[in-house]
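Visitor: Okay, sequence plus prediction incoming.
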Amino acid sequence: MAFGDTIHTYKGNQASGESSVTISTLPVSGNLLIFGAGRSSSHGAGGAWSTGGAPTGWTFIQDSGINVGNIGGALLYKISDGTETSVATSGTNPQGTSLPVVAEIEGPFEASPLDVSAEDTTHLSTVVTSQSTGTTGTTAQNDELAIAFFVGDAFQNVDGTRTYTNSFTEVVIGDGSVSRATSILAKKVLSATGTVECTFGCTDTGDEMYGAIATFKKQAAGGSVIPKHLALLGVG
């Protein structure tokens, strides 16, 4: 496997309440875990998920905040310690129907890998067939992984012939219930510094949408992060 490869993906399906995903295969210590969760405002009156605090060990990257439109979304990350079996949004507001997703991405990453991020809340109450993540600031180093995150208010309205600009490729889309807000992750391995953006498109009727993006720094050569399975063998 190489830096930025997708190891596992997982999906949840919530009719209401907190968004949660079961991680059925223990991840490798040092790999990146990304958690993306959307919410429908018909069940989501209230504040941002981040007001309840992040799940233990996880960090909020972007959160659309109070539902000023018809949907919301939150993107979180964690560098795995090799023991994670599930993750759920914290706090009681807002609740919502959701198809959340988790992806495990191959490292090695820096111990504090998050570099730059952005979001686009333009279409929280506007039906569209394309959605930008927003544009980040300039990345700090050449070797980074960019993760794009999109939320569509209903899966069946945004799942047809999906496209991603700027050479991003899809990692996972939440499915299993057409009546719930779907979460989508896409990625790109970067090789030069610069700003980063991705736009999602579909051939369906479209829906209210949200977008966000974040980049994560690859561990420099000679770094000290040792994967758990090697540490147990006494390597390093």
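Guide: Great, that's in hand. Numbers count the residues shown, from 1 in each chain.

Visitor: mind listing what Thr193 touches?
Guide: Thr193 sits next to Thr138, Thr139, Ala140, Gln141, Asn142 when contact means CB atoms under 8 Å, 6 or more residues apart in numbering. All C-beta spots, glycine's among them, are computed from the backbone N, C-alpha and C.

Visitor: Poorly predicted segments of this structure, please.
Guide: Within the chain, the stretches with pLDDT under 70 are 41-48, 65-69, 90-95, 222-236.

Visitor: Start from the N-terminal end of it and give the helices.
Guide: 228-231 (DSSP state H).

Visitor: how much space between the most centrally placed residue in it and Phe200?
Guide: The centre of the chain sits closest to Gly36, judged by CA atoms, centre = their mean, with a distance of 3.7 Å. Distance of Gly36 to Phe200, computed by CB to CB, to the nearest Å: 13 Å.

Visitor: Overlap of the contact sets of these two?
Guide: With CB under 8 Å, 6+ apart, Gly36 and Phe200 have common neighbours Ile184.

Visitor: my guess is Gly36 meets Ser183, correct?
Guide: Yes. Using CB atoms under 8 Å, Gly36 is in contact with Ser183, at 4.2 Å.

Visitor: what's the overlap in contacts for these two?
Guide: Shared contacts of Gly36 and Ser183, defined by CB under 8 Å, 6+ apart, comprise Gly73, Pro100, Val101, Phe149, Val151.

Visitor: Count residues in the vicinity of the nearest residue to Thr121 once chain neighbours are set aside, would you?
Guide: Once flanking residues are discounted, Thr121 sits nearest to Ser64: 5.5 Å by CB to CB, 6 or more residues apart in numbering. Counted with other CB atoms under 10 Å, residues neighbouring Ser64 total 25.

Visitor: check contacts around Ser64.
Guide: Per CB under 8 Å, 6+ apart, neighbours of Ser64: Ala48, Ile71, Gly72, Gly73, Ala74, Glu119, Thr121, Leu124, Tyr210.

Visitor: ok, those vs Ala111, which is closest?
Guide: Minimum distance to Ala111 across the contacts of Ser64 is 23.0 Å, recorded for Ala74 (CB to CB).

Visitor: Now do that closest one against Val151, distance only.
Guide: When distance is defined by CB to CB, Ala74 is 9 Å away from Val151.

Visitor: neighbour-wise, which of the two wins?
Guide: Using other CB under 10 Å, the more surrounded residue of Ala74 and Val151 is Val151, with 33 against 28.

Visitor: nearest spatial neighbour of Ala140, skipping sequence neighbours?
Guide: Leaving out its chain neighbours, the residue that sits closest to Ala140 by CB to CB, 6+ apart is Asp115, at 5.2 Å.

Visitor: How many residues are close by the one you found?
Guide: Neighbourhood size, Asp115 [other CB under 10 Å]: 22.

Visitor: now swap in the one 10 residues further on and tell me
Guide: Neighbour count of Ser125, defined by other CB under 10 Å: 14.

Visitor: Number the residues from 45 up from this point.
Guide: All set: I'll call the first residue 45, so the last point we hit is now Ser169.

Visitor: so it sits right up against Asn114, yeah?
Guide: Yes. Taking CB under 8 Å as the definition, Ser169 is a contact partner of Asn114 at 5.2 Å.

Visitor: what residues are shared contacts of those two?
Guide: Between them, Ser169 and Asn114 share the contacting residues Glu252, judged by CB under 8 Å, 6+ apart.
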